[in-house]
Each structure stands twice: as structure tokens, then as C-alpha cells.
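In: The amino acid sequence is not available; the structure is as follows:
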């Protein structure tokens, strides 16, 4: 049986075979958990908008990024040649965002539906915290054999609905995503919505965690990242993915962070924000289909509200 293993990164490329999962590795990696998620049916336009943002956010060559996105999308067209397609996506927002995009794309290929299987977990014995499949060894991965389940029509429909909501300019529909079809999605979506500016201080959750990390004194990036991970109720950002968050805080016209000698530290403005004496001023940025400013996250009501 010829199998394609679809994964939102390269972390399992070398371990699936030794773990007893033979087949071809098919990465689908655009981190749609960050940056703009344009509402367009044109694949080339979608890739162009995403590539431009990714290149600016991570200082990459835009042509190279666009080529990779196009190549990965083209690889999805080959899935019909496989006897089975196993999707490897865990519980965090990074994975869940890419999963709903993938299922929304595959929902329109009914001939493929009976071949789709999903392996999705949020915990693994002996790994606490469990961040993702990539932290597991080949023997650990081998114990997951048989845990995969067929992708159901309800899951495909739920993914289409959630993907449409993620790309909407109004986050209200996304806040209503729920149900049992994709059980890890509602919590992951709430974590995403917490990246809106909060009504309390104007900070996103990630921005607040970065400021708190250096509240006791300057720290180098690895320590800031670890503190962010430790404080995040549902970590989903890789280390490089935190850099655009830090850049927002220290490159603003009125910065909350300073970067000196390879370390980050609070500015006087950042200290005032943390102490509740000032509000962070959000400049234009994307959270899915939402262009800020315009919306906030109300932590008391646990829902997005107009700014």
C-alpha cells in the first residue's frame, strides 16, 4: 500500500520510516497561524500575498518563498496517486490552522476522501509538556500505529467552515467555531484570537509574555523564547516565529522593548504598560483575515469586540 504522509514541517521526515510508517513524506508548511490569510480563490494570488508577508517577517527571499509555496501546493495534486494519505497534525494552533486549510482544499476532491486518515493527539505518556510529534523518537512514534482515524465528512465540513471564518475580516464567526468534529480546534482558535490586542492593555498574549519575560532584567533571545513558551497556555510559535513579535515591540515609533548587545529589555514605556499605567498602541498588522486596528480581545467575556 503506497502511502503519503502529510505534515506541516520537516520534523518527521527522518523518523517515520524507522518508526514503521513507510511511504513518501509530503510537507505542507505555510504557517497560516501568522500573518494575513487572504480571502481569495486564486491559488497564485494567495501564495503571492503569503510569500510577501513571510519574506518581510523572516527576512527571506520572496521568490524562493513563493516557489516553495507553489511547489508544496503542487505536491497536493499528486495525492490521488496514493493508496492512502495519512495526515499528521497535533493540537496546537500552528498545526490546526494548517490542517483546516488542507482539509478545506481536499474537501473539493471527493475521489480522495476515502483514502484520508488523520493522526491527531494532544498528549503523549512520558512527555510533559507535549508540544508535538517532532519531540518523539522513532520508538515513541511507533506506538501510535493504529491511532489514525478516517477523515469524516463532518471533519471536512468543519474545516471548510473554520477556514472561511479565519479568512474573514470580522473575527466573530471564528469565535463561534466549535463542535466535536475537530476536537482540538476550538481551544486552538481561542489561542489565535488572543493575538488580537486585549482591551486591558492593548497587547496581544504573545507580546505580553515577551514583556513579562524581561520584567526582571535584560535577557538574550533564547531565554525570552523559553519564558514565552513556559507562560503560553497553548504554545504554537517556534523560536524563529517569535522574532516578528519582538520586532513589533522594539521597532515601533514608541517601543516597549529595547534590543542592546544581543539582549532584550523593557523601555520605560514597556514598564508602564506592564504596570497598567499605559496602553500599547497597535499599528496595522494582520491576525488571519483581520486587519488591525479595529478589533480587540475581551478577556473577561472571552470574545473579540470592536475596538
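Out: Ah, there it is. Not measured: the values here are computed from a predicted model.
In: Now do the residue nearest to the spatial centre of the chain against residue 78, distance only.
Out: What sits nearest the mean C-alpha location of the chain, by CA atoms, centre = their mean, is residue 94, with 2.4 Å. Counting by CB to CB, to the nearest Å, the gap from residue 94 to residue 78 is 24 Å. (Each C-beta comes from the backbone N, C-alpha and C, glycine too.)
In: in the stretch 101-250 of the chain, which segments are predicted with low confidence?
Out: For the stretch 101-250 of the chain, applying pLDDT under 70 flags no range at all.
In: element containing the nearest residue to residue 58 once chain neighbours are set aside, please.
Out: Of all residues not flanking residue 58 in the chain, residue 240 sits nearest, at 6.4 Å (CB to CB, 6 or more residues apart in numbering). Element membership for residue 240 (DSSP states H and E) is helix 239-251.
In: thought the residue nearest to residue 58 was touching residue 57?
Out: No - between residue 240 and residue 57 there is no contact under CB atoms under 8 Å: 9.4 Å.
In: These two: which is more packed in?
Out: Neighbour totals were compared for residue 240 and residue 57, and residue 57 leads with 17 against 11 (other CB atoms under 10 Å).
In: for the more buried one, helix, strand, or coil?
Out: Recorded secondary structure, residue 57: helix (DSSP: H, G, I helix; E, B strand; the rest coil).
In: Could I get the contacting residues of it?
Out: 34, 35, 243, 244 (CB atoms under 8 Å, 6 or more residues apart in numbering).
In: at 7 Å what do you get?
Out: Shown in contact with residue 57 (CB atoms under 7 Å, 6 or more residues apart in numbering): 35, 244.
In: With residue 33 instead?
Out: By CB under 7 Å, 6+ apart, the contact set of residue 33 is 93, 94, 97, 192, 236.
In: May I ask which helix or strand encompasses the residue nearest to it when sequence neighbours are not counted?
Out: Closest residue in space to residue 33, ignoring its immediate chain neighbours: residue 97 at 4.2 Å, by CB to CB, 6+ apart. Take DSSP H and E as the rule and residue 97 turns out to sit in helix 93-106.
In: Over to residue 291?
Out: Going by DSSP H and E, residue 291 is in strand 290-292.
In: Now for the nearest residue to residue 23 once chain neighbours are set aside, how many residues are close by?
Out: Here the nearest residue to residue 23 in space, its sequence neighbours aside, is residue 3; by CB to CB, 6+ apart that works out to 3.4 Å. For residue 3, the count of nearby residues is 17 (other CB under 10 Å).
In: For residue 3, name its beta-bridge partners.
Out: Judged by DSSP bridges, the bridge partners of residue 3 are residue 84.
In: so how far is residue 136 from it?
Out: 19 Å.
In: Ok, residue 103 next?
Out: Taking CB to CB, one finds residue 103 at 23 Å from residue 136.
In: now residue 219
Out: Applying CB to CB to residue 219 and residue 136 gives a distance of 29 Å.
In: Of these two, give the one with the bigger neighbour count.
Out: With neighbours defined as other CB under 10 Å, residue 219 and residue 136 compare such that residue 136 has more, 22 against 19.
In: In this structure the more buried one contacts residue 123, no?
Out: No - with contact defined as CB atoms under 7 Å, residue 136 does not reach residue 123; the gap is 11.7 Å.
In: picking that back up, could you single out the nearest of the contacts of residue 33 to residue 168?
Out: residue 192 (12.9 Å; CB to CB).
In: what about that closest one, helix or strand, and which?
Out: Using DSSP H and E, residue 192 falls in helix 185-193.
In: wait, what's in contact with the residue nearest to the centre of the chain?
Out: Contacts for residue 94 (CB under 7 Å, 6+ apart) come out as 8, 31, 33, 236.
In: rerun that using 6 Å as the cut-off
Out: Contacts here follow CB atoms under 6 Å, 6 or more residues apart in numbering; on that basis residue 94 touches 33, 236.
In: on that earlier part again, and which of the contacts of residue 33 is nearest residue 164?
Out: Nearest member of the contacts of residue 33 to residue 164, counting by CB to CB, is residue 97, at 13.3 Å.
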